[in-house]
Structure formats: C-alpha cells, structure tokens
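Visitor: Turn this into a structure:
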Amino acid sequence: MKPAWLLRPCWYILLFAVSVDLTTIGFGTIPPGGSVERRNANHITVLTDEGTAWYLKVRHSGEQPGLILSYTAWGGDGIGTPVFARMEPLDSVAYTAGFSERSNAPAGNRITLGYKLQAVPDAAAGARTWVVTYTLTETL
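Guide: Okay, here's the model as predicted:
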C-alpha cells in the first residue's frame, strides 16, 4: 500500500505575467530636428511567484525614416535603463529584476517606462505609428 501523501494531487499554479497601463502614447507634432519626451509614459506591472530572475525586454516593429524612438525604464530594486537608449527592431533588455522582485505576488512590481521621439532635420512630414512589444523573460 502506498503512503497517503502519494495519493493526494498537488495543484500549484505559477504566476508569470506582464500587464501594460496604456496601449497608445501620443507625441503630437514634432518639428524637423526636434524631439518630444514622455518620461512617465507607461507603467508595466510584472507579477511572478516563481522566484527566478526575470528581464523585461522591448522592441519596435517597422522602421520610420527620419525618426528615432528611445526608451528608459526604472522602478523597484532592479536595474533599469537610466538614460534614453535607442529602441531597435530586435529585443533589448530594458529592466532586470532585483533579488526581491523575483517573487512579488500578489502586488507585483511596477516598472515605469519613458519614451523620447526625435526627428532628424530633414524628416518628412506625416503621421507615423510604431508597434512596441514588451517581452517578459525568465532565466532558470
């Protein structure tokens, strides 16, 4: 006969999620050679109870000739991107969780992202749109 503890099912749901406050961020009109910053543009909440290290990565899709999109990230006790860094079409690490953020349920960890949009001096006029993708990655 098997011990009773082997017969009981064990249900444990791991939390590993990211949510975004805003889905659209407007920059308005930017003159050629000018720039606009949105320092507290978006808040991302990361929720995990796995106890593993995690990273928040960002990237944009589609090139917009004459425009440069940059980001900065901070919050919690992790390591963010303190100065504006150019956002690329490939993933780049925007925030690395600190030790205390590896298991942060139920409240989660709030990360603030800022954005800067620069237009080169000969930028063409017109409305532009980027899609920004946030990826939450853990390391085992």
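Visitor: tell me the contacts of Arg86?
Guide: 68-70 (C-beta atoms under 8 Å, 6 or more residues apart in numbering). Any C-beta I mention is one placed from the backbone N, CA and C, and that applies to glycine too.
Visitor: Of the residues you listed - the most surrounded one?
Guide: Neighbour tally across these (other C-beta atoms under 10 Å): the maximum, 19 neighbours, falls on Leu69.
Visitor: Check for me that it belongs to a strand.
Guide: Yes. Judged by DSSP: H, G, I helix; E, B strand; the rest coil, Leu69 forms part of a strand.
Visitor: pLDDT (mean, whole number) over stretch 23-36?
Guide: Averaged across stretch 23-36, pLDDT comes to 91.
Visitor: all helices of this structure, in order?
Guide: For the chain, helices defined by DSSP state H occupy the ranges 4-7.
Visitor: pLDDT below threshold where in it?
Guide: Scanning the chain for pLDDT under 70 picks out 1-15, 140.
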